[in-house]
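Student: when you get a sec, could you give me coordinates for this:
(one chain, ligands or ions: 1)
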Amino acid sequence: IFSLPKENGWVASYLYKYQGFWHPVRHLQGIITCQRHFRAQDSDVILITTPKSGTTWLKAIVFTLMNRTKYSIAQDHPLLSKNPHDLVPFLEQTLYVDNQIPDLSSMNSPRLFATHIPFTSIPKSVQDSRCKLVYLCRNPKDTFVSMWQFSNKLRPKEMGSHSLGEAFDMFCRGVSIAGPFLDHVLDYWKESRESPHKVLFLKYDDMKENPTVNLRRIAEFLECPFSNEEEESGMVEEILKLCSFGNLSNLEINRTGKLSSGEENKVFFRQGKVGDWKNHLTIEMVEKLDQITEQKLCGSGLVL
Ligand code: A3P
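Tutor: Numbering: from 1, shown residues only. The predicted model follows:
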């Protein structure tokens, strides 16, 4: 059982398995509606993550990158007054939620969306069109710790907190939102190897270590590389500074504001670091998750 946002509060939600992956019923309805009705355009960009892999950060970065000629980074930028989740909607959690079929006709191209939908469930038009997918994953240990902390923060009090051991056991069995986590990552990894023009595969840990290189990779993949003038003016660094954890988490809008759907913006910012798992997981847990990860990724060429 997980908790989910609902009308300014949080409700308990069971997870259901659909096409091999676990989803809360609200997301599941959204996925099915999206599979039936979403029509991807060739110019669309879709950001794909598993929960707690850095979605908020990726949304901020790609939104700023794609709109860099439209908005001044120095002043009046939309990120100064809106949380990234209000600027880049989730397909299954925002647009196609509650059996709605949204009218997307007023969205300017290139449209930017986000999703946690696993590759096997992605709408057919996404695969058939020339739209681009930017996938961001994170090492399993930090993803798990971030997810556990997040779900406990949001769990209705009457449910009590989810113990670390219980949550860990579920995660290792593949039971988490949009899980099994490793299958989600591996499917997009394989797709990125087969279709490198379609899927860009990124790691949160690499982005933290070398943000400039990765931002340039994203820009090139999206066919909007930085010009010499932009490089010389320091635009790469400016975008990263605007979207950094320190900057975004300290903005008034993210300290005290709420999303249009009612969630508090501050819940999307905790530490924004690599390696917090060392403060929470036991040696046995680390060994177990490392072993599961190695077995799953063996021969794939992917190391997490
Ligand atoms: P931690 O809980 O480890 O701090 P998501 O956006 O997919 O929900 O992921 C949330 C995780 O990304 C949280 O990790 C959060 O603190 C971190 N995060 C949020 N904004 C970030 C940013 N601008 N830069 C780096 N990490 C960020």
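
Student: give me the element Pro30 is part of.
Tutor: Just so we're on the same page, residue 30 is Gly rather than Pro. Here Gly30, judged by DSSP states H and E, is contained in helix 25-37.

Student: now swap in Trp57 and tell me
Tutor: Since the elements are taken from DSSP H and E, Trp57 ends up inside helix 55-66.

Student: for that helix, what is the average pLDDT?
Tutor: When the per-residue pLDDT values of helix 55-66 are averaged, the result is 98.

Student: near the ligand at all, it?
Tutor: Yes: remark: helix 55-66 sits within contact range of the ligand at 55-57, by Cβ under 6 Å from any ligand atom. Every residue, glycine included, has its C-beta placed from N, CA and C.

Student: make sure Lys198 is actually in contact with Lys190.
Tutor: No: at 12.0 Å, Lys198 and Lys190 do not qualify as touching, with contact defined as Cβ atoms under 8 Å.

Student: so which bits of the stretch 101-250 of the chain are right by the ligand?
Tutor: Near the ligand, the residues belonging to the stretch 101-250 of the chain are 142, 146, 149, 243-245, 248 when assessed by Cβ under 6 Å from any ligand atom.

Student: swap in 8 Å and give it another go.
Tutor: 138, 142, 145-146, 149-150, 204, 207-208, 243-245, 247-249 (Cβ under 8 Å from any ligand atom).

Student: what subset of those residues is buried?
Tutor: Among these, those that count as buried by neighbour count (16 or more other Cβ atoms under 10 Å) are 138, 142, 145-146, 149-150, 204, 207-208, 243-245, 248-249.

Student: as TSV, those with secondary structure and pLDDT would be great.
Tutor: Putting those into TSV (DSSP: H, G, I helix; E, B strand; the rest coil; pLDDT from 0 to 100) gives the following:
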residue	secondary structure	pLDDT
Arg138	coil	98
Asp142	helix	98
Val145	helix	98
Ser146	helix	97
Gln149	helix	94
Phe150	helix	92
Tyr204	helix	98
Met207	helix	98
Lys208	helix	98
Cys243	coil	98
Ser244	coil	98
Phe245	helix	98
Leu248	helix	98
Ser249	helix	98
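
Student: output those as CSV; include the columns distance to Ser109.
Tutor: Rendered in CSV, the data for those read as follows (distance: Cβ to Cβ, whole Å):
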residue, distance to Ser109
Arg138, 30
Asp142, 35
Val145, 38
Ser146, 33
Gln149, 37
Phe150, 33
Tyr204, 28
Met207, 26
Lys208, 31
Cys243, 23
Ser244, 28
Phe245, 30
Leu248, 26
Ser249, 31
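
Student: if anything else comes up later, I'll come back, but that's it for now.
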